[in-house]
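J.: Dropping a prediction and its sequence here:
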Amino acid sequence: MEYEKQKIVYNKFSYEFYIPDHLLKHTLECVIISVLNPHCFTIQLKEDAIEFDKFQKEINDFYNTINDIQYHIRPEQILINLCVICSDPKLSDNDNIWYRSQILDFDPSDNTVNLFYVDFGTWEEYVPINRLRHITDHFHHHQVFSITCRLAHIIPLNNDNDQLTWTEDATNQFLAVLDQVLSKIELLSYTVNGCFQTNLFVMNSGQHVYVNDYMVHIKKAKSILNSTTNIDNDRQNGIQLDEHDTNDNGLPIHPVVALYNRLGENFQQSIAESRTTSISSSAMSSPSTSPYIYVKVIQAHIETNTMNRQKYNNPPQLVPIVFVRYQKTILVPDFNINTLLHMIDPTIDIHTIEHYAYAIRYTCVHITQESHFDIFTQLSSLFGLRYIHSIALYTLDFVGYILEHYNFPVTNVFVALENAKHAQLHAPDLGLWFTMNNELNTSFTLVANDTTKINHFNDHRSSVPSMSQQPSTSIRLPFSNRLINPM
């Protein structure tokens, strides 16, 4: 293949994006590639899909074939915005998918990066650099045919035309109407950063749906279109570049990267506020106040054969399963999965769980004291999780899969997981389920402050320092690889 002869490029910091301005005011069939919110989603025109598939196959064939160390990226070669190739490993190590990317942030403490996937309009965080490769000149010069869009003439309900103010529910409703349906898009106008103002149409349940109006109809957005609006006027349409959409040199930033930056900055700004609020709330709360129950522990009996009884040393015994109430779901924390798997293989750790989740493409929920104060505080206080700044929560299905993968022998653990699934689907009051048969109810009383805890696994009491007494260590922002120090 001729492109094998192309040289490696080490100093490219942007890609050439396709701007189909000749298609303005045309309605075209498209494929929705990714959705971040109604003002930031990425499409690919149907007419470009075949060419892109061929191009993606070229990338995969090339990078799955070569095994030359010169393509590997060393930490000292990493630069912000550097164009690279990143692997998305499947179950087989020899069958990876490779994506064109740009480096958004780099953390030298663990050699991970945050990446912008330019052809798909998304980003990924905490990517080990061993998944990166240098890009060739041929693959770098190929245009990016995906188009980043926003719904025209609507804004979030809170009167603020700001991508950060779209609620999670609004984005979920937007995703739901797009799920597995044919889509058409009308490109109205675009800005210098390549974001297109659009009208989006889908065929859903046999009906034509104008998605812009639909979002207003279901009260997830409000219209800004009136009789004097000129659809050719970017200012009227609400696409206005501000300081977040340009870099220090005044050059435009891709809308997805701009959103990434704003989320990181917004979260960083909120940390001091959340800490102050949390400390104040803790000081003002009465110890007799009944808090919301987010944690449930069930003790599963271990029934083993003679060999396993000798292995576990103390038969029969109980193994605790920790359930966490997160919104309308029941999840299991990573430390509890690790405890279960450690019974059969002491070499398994948290990273093993993360790698397995990545391999089968399961995503977890990361919670911190700043993002989910109540849940995080209950878990850390109950189970003695000192100096841990993040807890990963996994679905019940994932826990079942990984336990089966490692041939976990305790049947009662699987029974407990199935019972939790049933409660998640059918329980009229999930909060009530968390209070019923909860082993924690008889062993401790939750208090509103965090001065006392019970380590349920070790059955002893110890002192937990308040937030102001905890050591000042670096915390990683979920939307940015930049490190900050707690105040």
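T.: Arrived safely, thanks for sending. Numbering: from 1, shown residues only.

J.: how does this structure divide up, domain by domain?
T.: Listed domain ranges for the chain are 1-226+242-273, 290-484 (source: automatic domain parsing).

J.: and stretch 383-396, average pLDDT?
T.: Looking at stretch 383-396 alone, the average pLDDT works out to 81.

J.: Tell me the buried residues in it?
T.: By neighbour count, and taking 16 or more other C-beta atoms under 10 Å as the criterion, the buried residues in stretch 383-396 are Phe383, Gly384, Leu385, His389, Ile391, Ala392, Leu393, Tyr394, Thr395, Leu396. Placement of C-beta: from N, CA and C, glycine included.

J.: repeat for stretch 127-145
T.: Within stretch 127-145, the residues that qualify as buried by neighbour count (16+ other C-beta under 10 Å) are 127, 129, 131-136, 138-140, 142, 144-145.

J.: Quick one: the helices in the stretch 101-250 of the chain, in order.
T.: Counting by DSSP state H, counting those that start in this stretch, the stretch 101-250 of the chain has these helices, from start to end: 137-141, 168-178, 211-217, 234-237.

J.: Tell me which of the ones you listed is the most buried.
T.: Per-residue neighbour counts averaged over each of those give the maximum for helix 211-217, namely a mean of 19 (mean count of other C-beta atoms under 10 Å).

J.: Using CSV, list the CA coordinates for that helix.
T.: Taking C-alpha atoms only, helix 211-217 is exported to CSV below (Å, rounded to 0.1, in the frame of the first residue of the first chain):
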residue,chain,number,x,y,z
VAL,A,211,-36.9,17.7,16.4
ASN,A,212,-36.3,21.4,17.0
ASP,A,213,-40.1,21.9,17.6
TYR,A,214,-40.3,18.6,19.5
MET,A,215,-37.8,19.8,22.1
VAL,A,216,-40.0,22.8,22.7
HIS,A,217,-43.2,20.8,22.7
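
J.: Which residues does it contact?
T.: Among residues not part of helix 211-217, those counted as contacts by C-beta atoms under 8 Å, 6 or more residues apart in numbering are 38, 151-154, 170, 173-174, 177-178, 199-202, 221-223.

J.: By mean pLDDT, show me the worst of the domains of the chain.
T.: Between the domains of the chain, the model is least confident about domain 290-484 (mean pLDDT), which shows a mean of 71.

J.: so how far is Glu418 from the residue lying closest to Phe414 once chain neighbours are set aside?
T.: Residue nearest to Phe414 in three dimensions, not counting chain neighbours: Gly400, with 6.5 Å by C-beta to C-beta, 6 or more residues apart in numbering. Counting by C-beta to C-beta, to the nearest Å, the gap between Gly400 and Glu418 amounts to 8 Å.

J.: before we move on, what about Lys328?
T.: Separation of Lys328 from Glu418 (C-beta to C-beta): 18 Å.

J.: When these two are compared, which one has more neighbours?
T.: The neighbour comparison of Lys328 against Glu418 (other C-beta atoms under 10 Å) goes to Glu418, with 12 against 7.

J.: Next SSE downstream of whichever strand or helix holds that one?
T.: Glu418 is part of helix 411-426, with elements assigned from DSSP states H and E. Sequence-wise, the next helix or strand beyond helix 411-426 is helix 430-435, with elements assigned using DSSP H and E.

J.: Now that following helix: buried residues?
T.: Using 16+ other C-beta under 10 Å as the test for burial, helix 430-435 gives Trp433, Phe434.

J.: Mind giving me the packing neighbours of that helix?
T.: The contact analysis (3 or more C-beta pairs under 8 Å, 6 or more residues apart in numbering; DSSP states H and E) places helix 430-435 against strand 295-301, strand 318-326, helix 411-426.

J.: swap the cut-off to 6 Å and go again
T.: For helix 430-435, there is no helix or strand it packs on, judged by 3 or more C-beta pairs under 6 Å, 6 or more residues apart in numbering; DSSP states H and E.

J.: Just the residues contacting that helix, thanks.
T.: Counting by C-beta atoms under 6 Å, 6 or more residues apart in numbering, the neighbours of helix 430-435 from elsewhere in the structure are Ile293, Lys296, Arg325, Ala423, Ala427.

J.: distance of the fourth one from Phe434?
T.: Same thing as Ala423. Ala423 sits 9 Å away from Phe434, going by C-beta to C-beta.

J.: Counting neighbours, which of the contacts of helix 430-435 comes out on top?
T.: The residue in the contacts of helix 430-435 with the most neighbours, by other C-beta under 10 Å, is Lys296 (22 neighbours).

J.: Wait, that residue touches Val322, no?
T.: No - look at Lys296 against Val322 with C-beta atoms under 6 Å: they stay out of range, at 7.6 Å.

J.: sorry, back to before: can you lay out the helices of the stretch 101-250 of the chain as CSV showing distance to Gly264?
T.: Conversion of the helices of the stretch 101-250 of the chain to CSV gives the following (distance: least, C-beta to C-beta, whole Å):
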stretch, distance to Gly264
helix 137-141, 26
helix 168-178, 18
helix 211-217, 26
helix 234-237, 26
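
J.: nearest to Ile353, of those helices?
T.: Distances from Ile353 to each of those were compared using C-beta to C-beta; the shortest belongs to helix 168-178, at 25.5 Å.

J.: Which secondary structure elements does that closest one sit against?
T.: Contact here means 3+ C-beta pairs under 6 Å, 6+ apart; on that basis helix 168-178 packs against strand 27-37.
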